[in-house]
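*Asks:* Output the structure for:
(2 chains)
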Amino acid sequence: MKIRSLYIDGFGKFHDWKSPTAFGEGLTAIVGPNEAGKTTLLAFIRRMLYGFPDGRKNLNHYPPLNGGKIGGRLEILGEDGQEYILSRNGVRGKPSLAYADGTTARGLKPLSLLGPCDQVFYENVCAIGLNELQEISTLRRDEIRDRLAAAGAGNLPVREVATSLQEAADELYVARGKKKKINTLVSDLKDVEEKIRDVKKRQGEYDEINEAIAREREAVGLVEGRQKAIEEEIAYFKALGQAWEVFVKREESRDTLQKIPNIKPFPADALEKLSRIEAEVQRLEAEYGERTRKHSRSEEEFDRCVVRGEVLGQTDAIHALERKIERYRTQVNDLKKAQLEGEQQQVNFASMLKSLGGDWDEERIIRFDTSIPAKDDAKQLRDRLAKTANDCAVQQSQLEVAEKEAEERRESLLDLQRRRDDIGDVADPGTARERLSLSREMLSEIQHVQELETRLHSIRQEEARTAEIKASIHSARAVPSWPGILVALSALLVFVWGSLTGTLQIAGLIALILLVAAAGIFLAGRKAGDVDNIVDAAHHEGEGETLALQRREIEHERSKREEKIRSCAASLGCDSLPTRTAAEELVHALEDAVREADRASDLDKEIARAEVLCSSADASLNKAQEMMDAALSEREDAQAAWRRWCRERDLPETMNPDLIPDLIADIRQAAGLYVQVGATKKRQEELSEEIRSFEEEIAAVAHACNESLSGSPDVVLEGLIRLLRDEETVKRRYNALTERLNEEGEALRRTSAQYDTAKASLDAMLKGRGAETPEEYREFERLSRERQKLEGSIQDAESAIRRISGEERYHDFITALQEYDPVLMQVRLQEKESELQGIRDRITDLHQEIGTLRERRSGIEGDDELTRLLSREAALKEEISQVSRQWAVYTTASSLLGMAVETFERERQPEILREAQSFFTGITGGRYTRVVKPFDGSEPYVEEATGGQKKIDELSRGTAEQLYLALRFGYIRDYATSSLPVPVIFDDILVNFDPDRRKNACQAIANLAETCQVLYFTCHPQTVKDLIEATPDAVVMDISGE
Amino acid sequence: MSLPGMDQRSSADLADATYGAWREIIDLCIREAVDFLLVAGDVYDSADKNIRAQLQFKEGLKRLGENGIAAYIVRGNHDPDDAWSRSIAMPENAFIFSSKEPEVTIHRDQEGRPLAAIVGMSFATAHIRDNLAEQFPQREKEWPYTIGLLHCSVGGARGHEPYAPCSIQDLRRCGYDYWALGHIHQPTALDSGDSHIVYAGNPQGRDMGETSERGCRLVTVGADGAVEVEVVRTGKHLWKEVAIDVSGSEDLGILEEEIRRKLAMISEEEGVSVVGRLILTGATTLHRELVAKGGIVALEDRLIEDPPAGRYPFYPERIICRTVPVIDRDAALARDDILGEICRQGDLAISDESGRSRLRVEISSLYQSTTARAYTSELDDEEFDVIIREAEALLLSQLSEGGEE
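*Replies:* Residues are numbered from 1 along each chain as shown, chains lettered A, B, ... in the order given. Below is the predicted model of the structure:
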């Protein structure tokens, strides 16, 4: 089929684009510079034929850049001569085939127009790109050869496929490969199988192991039995050994026993009893002796004990005396003391009397009334005396004082009067003051007047000046102030308005401006002050008036004041208008006068006071005098009373009253003493009496006791007392001794009886055993014991042997023992022991073996590896099976390919080669004439026109390119002739050819174009020229205009 | 079977899946308080000499014994008498039928009433080719509900070795109420009428050859003689082949998502963990990517790494790509170029023996190598044809790359 024209709705840069011209039926050269859209057009044609590729593929999808929907139309001329329209719209749109008139061509699929050339084939065969040719130049020789070979089969990647299949197969398996998949799997499988075999073997041993264990156990049993037997033998020998010693002992005992006479056994405690009785007897004997001795001693003592009855008879008397002895002693002491006291008292009394005076004796003393009332009287008198004396003194002093005072008063009065006289007559203070104030007033007035005059003076000056100024003033226009004021006012108004309307800012600003203006105006006004004369003038005018006014006022005042001064002066008696100085002097004088007045007044007052005092002092003086007299008379009375009292008592009247208390006291004391003396004497007598009686008593008693009276009575008494005690003691002893004697006698008799009994039993005992003496007895007893011991030991030995041997074997034992040889036995024992050890070792070994076997058994029982290994084995087998199959597929594919290629080449090759050959000749300009591929499979070669042959890899690159092209052309032509012609697309393949070659190639293309439609895309005008040259009726489609 | 990339625990789980299923059966028995359990042989594969398996079996029986449930066991070709360890003694509640001749035993309940008569016979050795069913006695009048227990191949049993072959008539002749058979791993009920002849199948699929639900039969016989047979699934893992049609897929990522969704749905439906083999079919432009550019491997890896989200896991065992490229083969065949030639060669190889043998020679290097010979088997003609077609499709898709601009 052939393409007539095409229309692109939207594809890449094309939109609503129609091919400018129709395509030629032979060669069409589509020209356009780079970027004109040739490749796009190419793609469009392909896609229209075979569909738009899956959007996900990583290609250029040429989306419509300038609008329109992707797709378009191809106008096609089919081989049947019919015209068809093939359209596709949208990437997924199904192509539609229609007849030229638009009716759908039913049942006809677009691809059927292309014949069996599907897209792949098309790409590889019917389209030749520039890169293909360019690649040739980069290939190695053998690759070139392959390419050429492949070219003959179209541009299908036969070689790559073959290689990849081979590689894939090799990966899986190579005969001797170790790392190849199947090889590895197989070796793994072999390992696993071996492991399985091992495990199975082990598993298979299970029963054997169990049986082996059973056997070993049996063996152990047997050996253990043997062990037991030997152990028993050894035990037997050892037992014999043990029994041997005992046996020996037994024999010895038996021998000894025979030597001992047969004495009946004694009871166990026989000896003890004997000893006891013996001891008892001895003891009693000793006791008896002891007691006897004691008794005789007691008797002696008794004899020695003598009691004095007479003394005892006086017991009560002595006790009575004893009770009183202390009293006696005390009395003796008292007596002594009393005596001493009495003496002392006498002495005291005497001295007292002496101190009182010669005419004092006891009688007087006694008579004297020293009672308290007397004392009180005395005291009273004394007090009275004292008091009166005191009063006198007091009165005296008071009198003196009063006199003195009166004196003083008089003096002061005199003094005052004197002073007053000094002052003389003065006015009274009040008047003086009045005058003073008046003068002061006057002075002040004078001062004021002076001031006023000063002021008046100044004012007058001012007035003068003012008048001057006024005269010199000329009127000038003064700048009124009212504009300024107005401006200021307006400023204020503006401000207020602004605040009311709310435009405060602007208003304020305006106000401010206005204020400034006002100020300016004022300032200007002020500045114009110098020239502002009218105001000044008025001002001055006013001022003058003011001054005049002032002046008048002052003058008025002045005159008033002068008036006043005058009146004051008149009152004061001065000149009518005194000068200031005079006034001042007057003031001073009046001040002095005032002072004087004051002083005088004060003095008067004082004088008055002083007179009063004087008179009072006199009065008191008189009083004092009176009292004095009273006191004196009183004293006289007191003294008289005292004298009387003294007389009554025979005391000198001149006695000092103060001494009376002491005197009385002394008298009393003396009286007391006297009494005391008497008392003491009495006491003495009493005491003596008592003492005497006591002593007599003592003597009586002593006599009764036949004791001598040496020493003082109390000593004697003490002696008696002691004596009594002693005798009492003796009596007690006597009684005790008597008792004792009795007791001892009794005890003695008892002991004797006991002794007899003991002795008797001892004798009985001895006799009982036929012994004469205890020693004999003992001897018998010892023998008997010994005998018993021997018998006992014999029995022990026998029972020991019995124990060792056991009851049944006893007799055998005894027999054996009788023949026993220790040394021999030792040897045999050793033999047996070593045998035993051997057996024990054997048992240990057996147990170990059993242990090992058991371990193996549990290993087998617990072995779960087998299952896993079997699993793995199955898996590996399956894997091997699958991988082998895969390998088979690859290998078969490889072979199949080989076979196909072979057949293909063999069958198709000639035609293709023929075609190619003719192209080749053309393209090489006749240099090469033949292309040969021998059937025998040897290298293809080309033949030159000259007849020379060249192998493919001997060709230059350029020639190889040509050959390639020729082969391709050949193939295409062959295809076109044998199948259906399809449009062939060349994408600027001649671009690298030199001009000659290009021409030739164009020729070849032209050649091809006779068979099928050829679309040649190029951007080279020269190529186009050459093409046109070769094919004059070639259509040139220029797409650059777009 | 363990899968590449599966995590340790799941792998271990899967490896021990059969033990798990055994435990499930025991649990089921205890839960349902059955009277007895019938085991129809092939308890373990004696070729493995697996002591652990035997011990696990014994454990299970012991547990039944603790719960007062008896077990009646016949031995099969994989676990004949001589294949059991001498050292492992089965507990008392397990009755193992003799291998010399059929034995009859009456199962009594706790009061001593006879509930069922069970007639069974074990394999003495692995390869018993006699018809054992013929030796079974006729049912006797006083026998209560009678059950025959035998490991045999009824009617040839395709796919399995013909051990103890017999026919259905042999079984029917005995007049038993129920035949519990062993040997066929696929659960099959040969007869569900008045007498039941049932292959309970194995309780857990062991590989991709044993897909479909696996379990055991829980049979309830009413006092009136009504028989209810319930299929109870005990397999914790279900092997499954999943065919996925990827026609029209153009993007690998989207395809993967689709597949994930579908797998999650499947495992959800099945309600159990699934070990699945994916088979992709259909014509897709992704063909080349999948087959030749490691697309399948990548897909596998991603599904393993990031399994489809769902309550039950879906482990992809492998992905087999049976897609074809989007190529109109007829059109290709019609071409005069290499592509056409390839198709012609392919056709030739399939139809013509010489062509095929040539290709066979090419691949024989693997199948006859010392390395792999033991583990691979030569492809038969049918398989080889498929391979030829695949190879052809691969070539076409590879050569059709292009159209890039």
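*Asks:* Phi first, then psi, for A:Asp987.
*Replies:* phi -110, psi 80 (degrees, to the nearest 10).
*Asks:* any idea how far it is from B:Glu142?
*Replies:* Distance, A:Asp987 to B:Glu142, using Cβ to Cβ, to the nearest Å: 100 Å. Yep, even glycine has a C-beta here, placed from its N, CA and C like the rest.
*Asks:* With neighbour numbers in mind, choose between these two.
*Replies:* Shown here are A:Asp987 and B:Glu142; by other Cβ atoms under 10 Å in any protein chain shown, A:Asp987 has more neighbours (19 against 8).
*Asks:* And the helices in the stretch 651-800 of chain A?
*Replies:* Remark: helices assigned in the stretch 651-800 of chain A by DSSP state H, counting those that start in this stretch are A:659-704, A:713-768, A:774-805.
*Asks:* try the stretch 101-250 of chain B
*Replies:* B:168-173.
*Asks:* repeat for the stretch 251-400 of chain B
*Replies:* B:252-270, B:287-292, B:295-305, B:329-334, B:338-351, B:353-367, B:381-399.
*Asks:* need the ones you listed in CSV with distance to chain A and mean neighbour count, can you?
*Replies:* Shown next, in CSV, are the helices of the stretch 251-400 of chain B (distance: least, Cβ to the nearest Cβ, whole Å; neighbours: other Cβ atoms under 10 Å in any protein chain shown):
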stretch, distance to chain A, mean neighbour count
helix B:252-270, 11, 16
helix B:287-292, 7, 22
helix B:295-305, 9, 17
helix B:329-334, 5, 16
helix B:338-351, 4, 22
helix B:353-367, 4, 16
helix B:381-399, 4, 21
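*Asks:* Just put the helices of the stretch 651-800 of chain A in CSV and tack on mean pLDDT and mean neighbour count.
*Replies:* Shown next, in CSV, are these (pLDDT from 0 to 100; neighbours: other Cβ atoms under 10 Å in any protein chain shown):
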stretch, mean pLDDT, mean neighbour count
helix A:659-704, 84, 16
helix A:713-768, 87, 15
helix A:774-805, 85, 16
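*Asks:* Identify whichever of these lies nearest to chain B.
*Replies:* helix A:774-805 (48.4 Å; Cβ to the nearest Cβ).
*Asks:* Need the per-residue pLDDT for the residue nearest to the spatial centre of chain B.
*Replies:* Nearest to the mean C-alpha position of chain B, counting by Cα atoms, centre = their mean, stands B:Glu210 at 1.2 Å. In this model, B:Glu210 is scored at 76, pLDDT.
*Asks:* gap between it and B:Cys216?
*Replies:* Applying Cβ to Cβ to B:Glu210 and B:Cys216 gives a distance of 15 Å.
*Asks:* cool, A:Phe44 as well?
*Replies:* 70 Å.
*Asks:* ditto for B:Gly225
*Replies:* B:Gly225 is 22 Å from B:Cys216, where distance means Cβ to Cβ.
*Asks:* residue ranges with poor pLDDT in chain B?
*Replies:* Flagging of chain B using pLDDT under 70 yields the residue ranges B:1-12, B:46, B:156-159, B:192-193, B:292, B:335-337, B:400-405.
*Asks:* thinking again about what came up before, nearest to A:Leu965, of the helices of the stretch 251-400 of chain B?
*Replies:* helix B:338-351 (19.9 Å; Cβ to Cβ).
*Asks:* quick revisit: more neighbours: which of B:Gly225 and B:Cys216?
*Replies:* Legend: neighbour count by other Cβ under 10 Å for B:Gly225 and B:Cys216, higher for B:Cys216 (24 against 9).
*Asks:* Run a quick check on the more buried one versus B:Tyr199, I expect a contact.
*Replies:* No: with contact defined as Cβ atoms under 8 Å, B:Cys216 does not reach B:Tyr199; the gap is 11.1 Å.
*Asks:* mind checking the longest strand of chain A?
*Replies:* strand A:2-11 (DSSP state E).
*Asks:* Please work out the angle formed by the directions of whichever helix or strand comes after it and strand A:2-11.
*Replies:* Sequence-wise, the next helix or strand downstream of strand A:2-11 (DSSP states H and E) is strand A:14-18. Orientation check (axes from the mean of the first three to the mean of the last three Cα atoms, to 10 degrees): strand A:14-18 against strand A:2-11 gives 150 degrees.
*Asks:* can you pull the buried residues of strand A:14-18?
*Replies:* Neighbour-count burial for strand A:14-18 flags A:Phe14, A:His15, A:Trp17 (criterion: 16 or more other Cβ atoms under 10 Å in any protein chain shown).
*Asks:* CA atoms only for that strand - export them in CSV, please.
*Replies:* Provided in CSV are the C-alpha atoms of strand A:14-18 (Å, rounded to 0.1, in the frame of the first residue of the first chain):
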residue,chain,number,x,y,z
PHE,A,14,1.4,20.2,14.1
HIS,A,15,-2.1,21.2,14.4
ASP,A,16,-4.7,21.0,11.7
TRP,A,17,-1.9,20.4,9.2
LYS,A,18,-2.3,18.9,5.9
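*Asks:* Give the pairing partners of that strand; include direction for each.
*Replies:* Strand A:14-18 pairs in its sheet with strand A:2-11 (antiparallel), by DSSP bridges.
*Asks:* contact partners of the partner strand?
*Replies:* Strand A:2-11 has contacts (Cβ atoms under 8 Å, 6 or more residues apart in numbering or on different chains) with A:14-19, A:21-23, A:25, A:40, A:43-45, A:47-48, A:62-64, A:66-77, A:83, A:89, A:981, A:983, A:1012-1013, A:1015.
*Asks:* What of stretch A:182-193?
*Replies:* By Cβ under 8 Å, 6+ apart, the surrounding residues in contact with stretch A:182-193 are A:172-174, A:177-178, A:869, A:872-873, A:876-877, A:879-880, A:883-884, A:887, B:366, B:371-372, B:375.
*Asks:* How about stretch A:512-523?
*Replies:* Residues from elsewhere that reach stretch A:512-523 (Cβ under 8 Å, 6+ apart): A:Ser481, A:Pro483, A:Gly484, A:Ile485, A:Val487, A:Ala488, A:Ser490, A:Ala491, A:Val494.
*Asks:* ok, now how distant is the last one from chain B?
*Replies:* Computed as Cβ to the nearest Cβ, to the nearest Å, the A:Val494 to chain B distance reads 89 Å.
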